[in-house]
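In: what's the 3D shape of this:
(chains A, B and C)
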Amino acid sequence: MPELPEVETVKRGLNELLKKHEAKIIGLKTSKEALRFPYPKGLKNQLENKKITSIDRRAKYLLFMIGDGPTLVSHLGMTGNWRELQPGENQFLKHDHFRLLLESGHQWIYNDSRRFGFLDIVDPVDLKTSKWFHHLGPEPTTSKEFDENYLFAKTRKKQAPIKNVIMDQTIVVGVGNIYASEALFLAGVDPKKLAGKVSKEECRKIVVSISKVLKAAIRLGGTTIRDFKSAGGSEGYFAQNLQVYGRKGESCFQCHTTIQKSVLAGRATYWCKKCQK
DNA sequence: ACTGGATCCTGATCGC
DNA sequence: TGCGATCAGGATCCAG
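Out: Predicted coordinates:
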């Protein structure tokens, strides 16, 4: 489900909720089944009676900040999501795995049908060097580091297709399978092109396109393919802006050539063979 | 050292 | 309509 724009959308939704009421945790419930990893030990002790001060994001991770206390890290995997229940509401769903019970009577619920997501507790002082974050590349929409020189250097001597490389979170974070195809269409670069053969000028276009497409998607609340919703419950409207993803056999909006689909590193890849070289 | 495939899991959709 | 096969927005692990 969630690439950078969707995670950012969930983050913003939760922060909106924080403006309406405090989020002091007075209890929590975990499902019996583990998520991708077992729940961390001491979760209850670390979170109970603490107040969530803000929700941040790094790459595709949500960070529930608790003043100078421990940070709750949430990765959504493919199908993870957060929603709020109002005081007294009890509309629980299949695959609700984790609930934060707040003093206000609201509940924040983590639902994840495939359980590829996970939760962890990290000391905020160690955040950057923790096992989840130490290897991550720069943020594509906010980091100055991510420019054409950076991408050009990182792609030299690489034999993998450029699409695989921009989805590599150690190169640049946040780009998943949808936005990789979309950004390469915008850049006019064939996703199958070997990264080492991508020119400096193409790197410039790719960098600009990644940033552009992610920002545009954030503005529209992400992309809802089947079930993505913000924490406030609304769908994302970027799906109507998709140029190639999911459009196999349909006509390119730019040149009317038929959109192609193939599989790269096990992931569906869409492109226009006329617009992308 | 890289690269791609298998893998974790459930549910929706495809194709016969 | 029914049912098995395939596919899905992520990321790690492992073999070649």
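In: A:V198 is in contact with A:K158, correct?
Out: No - using CB atoms under 8 Å, A:K158 is not in contact with A:V198; the gap is 9.0 Å. For every residue, glycine as well, the C-beta is placed using N, CA and C.
In: These two: who's more crowded?
Out: Ranked by neighbour count (other CB atoms under 10 Å), A:K158 and A:V198 place A:V198 first, with 23 against 17.
In: The more buried one contacts A:K154, correct?
Out: No - applying CB under 8 Å, one finds A:V198 not in contact with A:K154, separated by 10.4 Å.
In: neighbours around the residue nearest to A:T258 when sequence neighbours are not counted, how many?
Out: Closest residue to A:T258 apart from its sequence neighbours, by CB to CB, 6 or more residues apart in numbering: A:G249 at 6.1 Å. Counted with other CB under 10 Å, the neighbours of A:G249 add up to 8.
In: Against DNA strand B, how distant is A:G249?
Out: 10 Å (CB to the nearest atom of the strand, to the nearest Å).
In: So that residue sits against A:T257, correct?
Out: No - contact criterion CB under 8 Å: A:G249 and A:T257 do not qualify, at 11.3 Å.
In: which ones are touching whichever residue of the stretch 51-200 of chain A sits closest to DNA strand C?
Out: Closest approach between the stretch 51-200 of chain A and DNA strand C, counting by CB to the nearest atom of the strand: A:G176, at 2.0 Å. Contact analysis of A:G176 by CB atoms under 8 Å, 6 or more residues apart in numbering lists A:2-4, A:60, A:167.
In: Next one, pLDDT for it please.
Out: Here the pLDDT value assigned to A:G176 is 97.
In: Can you classify the residue lying closest to A:L17 once chain neighbours are set aside as helix, strand or coil?
Out: In space, and not counting its chain neighbours, A:L17 is closest to A:E84: 5.6 Å by CB to CB, 6+ apart. Under the three-state scheme (DSSP: H, G, I helix; E, B strand; the rest coil), A:E84 adopts strand.
In: Show me what from chain A comes close to DNA strand C.
Out: A:1-3, A:6, A:36, A:59-60, A:75, A:77-78, A:114, A:116, A:167, A:169, A:176-178, A:222-228, A:236, A:266-268 (CB under 7 Å from any atom of the strand).
In: Go ahead and confirm A:E6 touches A:G222.
Out: Yes - the criterion here is CB under 8 Å, and A:E6 meets it with A:G222 at 3.9 Å.
In: what residues do these two have in common as contacts?
Out: A:228, A:236.
In: residues contacting the residue nearest to A:E201 when sequence neighbours are not counted?
Out: Distances taken as CB to CB, 6+ apart put A:E148 closest to A:E201, at 7.9 Å, once the chain neighbours are dropped. A:E148 is in contact with A:200-201, A:203-204, A:207, counting by CB under 8 Å, 6+ apart.
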